[in-house]
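K.L.:
predicted model and sequence below, questions to follow.
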Amino acid sequence: MQSRQLMILVSLAAGIAIGGGLPLPAIAAQDDISKVTGSVDVAADARVGDVDTVNGSIAIDTNAQAGAVSTVNGSIKLADAVRAGELSTVNGSVRAGRNVRTGEVSTVNGQIFIDRGSNVAGDLSTVNGAIGLVGTRVEGDIEMVNGDLTVGANSHVLGGIHYDKPGFQWLSLGKKLPRVVVGPGAQVDGDMVFERDVDLYVHQSARIGKVTGATAKTWSGDKAPPQD
């Protein structure tokens, strides 16, 4: 997982050099949008190919479709009902609205939040950031190092959850343990493997796979337990 940062940087650089990754089949004939410096805004209902920039954020408005979406220094924001391919950034957050469909989602330094009714056709990953899901289906795994994780109400992770052991460069970020919450009606099909200490809370109505490296604390009600 710690090598993932370098892998993302290399893949982003290569993708920008050749125009990004593979677009979704339904929009393969659309034009790509590529910048080195500056933000990118995709209008509502637009149909575009890959979208990438190096220094800038990317915003895709309601009901638009895009291929792979990537930036190095900037955030990615998808409005409701967007269809997109892989989402990736190095230094920035990823935020998706309701009823969004995407491929794999990754960031190195930044948060990921995906709202109700959405589907991720791949993995979710971050090195130094939090992940929050509400009523979202993730077809792959969730991979993390630092940061809190909330598999919110009625979310479904078909893969597992893996927290990698932080390297020396991350130890200076503080002693607060990551907080992992699996909410009401949520489901994690695969194993949950923790190679570092975390605070793990699992709602009594949730269903999870085998847990290694942590002890789950059961909770009930609509609100997650308060932060220790």
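P.N.:
Sure thing, it's come through. Numbers count the residues shown, from 1 in each chain.

K.L.:
sketch out the low-pLDDT regions of this protein for me.
P.N.:
1-29, 168-175, 228 (pLDDT under 70).

K.L.:
can you map out the helices along it?
P.N.:
4-18 (DSSP state H).

K.L.:
how close does the nearest residue to A216 once chain neighbours are set aside get to G92?
P.N.:
The shortest distance from A216 to any non-neighbouring residue, by C-beta to C-beta, 6 or more residues apart in numbering, is to V202 (4.5 Å). C-beta here means a position set from N, CA and C on the backbone, and glycine is covered the same way. According to C-beta to C-beta, to the nearest Å, V202 and G92 sit 30 Å apart.

K.L.:
what's the answer for P225, then?
P.N.:
30 Å.

K.L.:
residues in contact with S106?
P.N.:
S106 makes contact with R4, I8, E86, L87, S88, T89, D123, L124, S125, T126 under the criterion C-beta atoms under 8 Å, 6 or more residues apart in numbering.

K.L.:
which one of the residues you listed is nearest G97?
P.N.:
L87 (12.9 Å; C-beta to C-beta).

K.L.:
which non-adjacent residue is nearest T53?
P.N.:
Nearest one to T53, counting by C-beta to C-beta, 6+ apart, is K35 at 4.2 Å.

K.L.:
go ahead and confirm the one you found touches V54.
P.N.:
Yes. Assessed by C-beta atoms under 8 Å, K35 is found in contact with V54 at 7.3 Å.

K.L.:
for N119, grab the count of nearby residues.
P.N.:
Residues lying near N119 (other C-beta atoms under 10 Å) number 14.

K.L.:
leaving out sequence neighbours, find the closest residue to it.
P.N.:
Using C-beta to C-beta, 6+ apart, the nearest residue to N119 is R137, at 4.7 Å.

K.L.:
what's across from that neighbour in the sheet?
P.N.:
N119, H156 (DSSP bridges).

K.L.:
wait, it touches N154, no?
P.N.:
No. Counting by C-beta under 8 Å, R137 sits too far from N154 to count as a contact (9.5 Å).

K.L.:
what residues are up against N63?
P.N.:
Per C-beta under 8 Å, 6+ apart, neighbours of N63: A44, D45, A79, D80, A81, V82.

K.L.:
state the pair within those that is farthest apart.
P.N.:
D45 and D80 (12.1 Å).

K.L.:
who has more neighbours out of the two?
P.N.:
Higher neighbour count among D45 and D80: D80, with 17 against 11, using other C-beta under 10 Å.

K.L.:
from L200, how far out is the nearest residue to the more buried one once chain neighbours are set aside?
P.N.:
Using C-beta to C-beta, 6+ apart and skipping residues adjacent in sequence, the residue nearest D80 is G97, 4.0 Å away. Distance, G97 to L200, by C-beta to C-beta: 28 Å.

K.L.:
neighbour count winner among those two?
P.N.:
L200 (23 against 20).

K.L.:
quick one, what contacts that one?
P.N.:
V180, V182, M192, F194, V211, A214, T215, A216, K217.

K.L.:
from those residues, list the buried ones, please.
P.N.:
Buried members of those, counted by 16 or more other C-beta atoms under 10 Å: V180, V182, M192, F194, V211, A214.

K.L.:
save those residues as a markdown table, and put in distance to A64 too.
P.N.:
Formatted as a markdown table, the buried ones among the contacts of L200 follow (distance: C-beta to C-beta, whole Å):
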| residue | distance to A64 |
| --- | --- |
| V180 | 33 |
| V182 | 32 |
| M192 | 35 |
| F194 | 38 |
| V211 | 39 |
| A214 | 40 |
